[in-house]
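**Student:** take this sequence and fold it.
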Amino acid sequence: MSKAFTFSIKRIRFDENYQPSENTRITTNFANLARGKSRQENLRNTLRMIDNRFNTLAHWDNPKGDRYTVELEIISVEMAIDAGSRTNAIPLIEILKSNIIDHTTNERIEGIVGNNFSSYVRDYDFSVVLLGHNKDQPQFSTPENFGELHGKLFKCFVNSDAYKENFNKPPVICLSVSNTKTYHRTENQHPVLGIEYQQDEYSLTDEYFKKMGLQVRYFMPSNSVAPLAFYFSGDLLSDYTPLELISTISTMDTFQKIYRPEIYNANSAAGQSYQPSLKHQDYSLTLVVYDREERSRLAIEQGKFVEENFIKPYHAVLEQWSAHCAL
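**Tutor:** Numbering: from 1, shown residues only. Below is the predicted model:
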């Protein structure tokens, strides 16, 4: 049954000249940055922040703090569905691929694929299914089988020939910690990832990513003020090199400072026991303009779009495939 789905990958360079394509999810965070009158200044400032963060973390043999530059590619994944005689391709996922330029050795070093994570079906799950399920409920809950289709689609992609032909390691997704959970500092400290935090119970996002085959650990890197959530398969600490991990930290720590400055650009660092809050007042703004309210509104619109153009038309095909999927 899995052969009914085939994946194709498109790469777009994320630089100061980046223009979101017409097929890009407009709620994708980096697309949000690349629109409006401040678009080029936004992009330039974001990329400068990423490079500065990378060089701060990769400080060895780097006396001037300018040895490395991070290059980013937006990886757009399309899935073709063979439904009888018709084959339609739908945009499924967008992630980021980092590459590292070492100006001392003139090498181009592979980074990590994953980082940011955008998904049409996740928009549908959270902005249509979950909202609808809880509309008249006295207590928040998740519907039966919530996130299972999305999880199987993601695992199908990671196990596909398209993924294996393009990437040599499993993805690592790096997101904000949940503002509904409390995180506790541990004694474990990694030389690159920093201080590890743990929580008493998983967040809804943690559970959702678990269905995608990804486990989670939380680390607060050096000079960060809040832990990041790292979603991965395998062994996060052993499977990736220090420079690979730094490419993800520098990219996503920068994006989170822009997206959630109340947490990641706060003026004081997380303590022994830490609950993130978007109502926190003691924080600094970056020089990058980001419209968070617009993104929330568009997520609902795009969730409805995927319902009308993917979930409903291919309901029978998806149900049959999901029932027989062995992933």
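**Student:** report the next helix or strand after the one helix or strand in the chain whose mean pLDDT sits lowest in sequence order.
**Tutor:** For the chain, using mean pLDDT, DSSP states H and E, the weakest element among its helices and strands is helix 29-33, scoring a mean of 62. For helix 29-33, the following helix or strand on the C-terminal side (DSSP states H and E) is helix 39-57.
**Student:** right, and the helix or strand after that next one?
**Tutor:** Per DSSP H and E, the helix or strand that comes after helix 39-57 is strand 68-83.
**Student:** now the angle between helix 39-57 and that next one, please.
**Tutor:** 120 degrees (axes from the mean of the first three to the mean of the last three C-alpha atoms, to 10 degrees).
**Student:** what's strand 68-83 packed up against?
**Tutor:** The helices and strands touching strand 68-83, judged by 3 or more C-beta pairs under 8 Å, 6 or more residues apart in numbering; DSSP states H and E, are strand 5-14, helix 39-57, strand 86-102, strand 107-119, helix 148-158, helix 242-259. Quick note: C-beta positions are derived from backbone N, CA and C, even for glycine.
**Student:** can you list the ones you listed in JSON lines and add mean pLDDT, distance to Ser222 and mean neighbour count?
**Tutor:** Below are those laid out as JSON lines (pLDDT from 0 to 100; distance: least, C-beta to C-beta, whole Å; neighbours: other C-beta atoms under 10 Å):
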{"stretch": "strand 5-14", "mean pLDDT": "90", "distance to Ser222": "25", "mean neighbour count": "16"}
{"stretch": "helix 39-57", "mean pLDDT": "92", "distance to Ser222": "7", "mean neighbour count": "19"}
{"stretch": "strand 86-102", "mean pLDDT": "85", "distance to Ser222": "18", "mean neighbour count": "19"}
{"stretch": "strand 107-119", "mean pLDDT": "94", "distance to Ser222": "18", "mean neighbour count": "21"}
{"stretch": "helix 148-158", "mean pLDDT": "94", "distance to Ser222": "30", "mean neighbour count": "20"}
{"stretch": "helix 242-259", "mean pLDDT": "95", "distance to Ser222": "9", "mean neighbour count": "24"}
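**Student:** so which of these comes closest to Gln198?
**Tutor:** When these are compared for distance to Gln198 using C-beta to C-beta, the nearest one is helix 242-259, at 18.8 Å.
**Student:** circling back to that earlier point, how about JSON lines for the helices and strands packed on strand 68-83, with distance to Gly234 added?
**Tutor:** Putting these into JSON lines (distance: least, C-beta to C-beta, whole Å) gives the following:
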{"stretch": "strand 5-14", "distance to Gly234": "21"}
{"stretch": "helix 39-57", "distance to Gly234": "22"}
{"stretch": "strand 86-102", "distance to Gly234": "17"}
{"stretch": "strand 107-119", "distance to Gly234": "12"}
{"stretch": "helix 148-158", "distance to Gly234": "11"}
{"stretch": "helix 242-259", "distance to Gly234": "13"}
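**Student:** among these, which comes closest to Lys181?
**Tutor:** Short answer: helix 242-259, nearest of the helices and strands packed on strand 68-83 by C-beta to C-beta, at 16.1 Å.
**Student:** from the contact counts, what lies against the closest one?
**Tutor:** Using 3+ C-beta pairs under 8 Å, 6+ apart, helix 242-259 sits against helix 29-33, helix 39-57, strand 68-83, strand 86-102, strand 107-119, strand 172-176, strand 228-232, helix 261-264.
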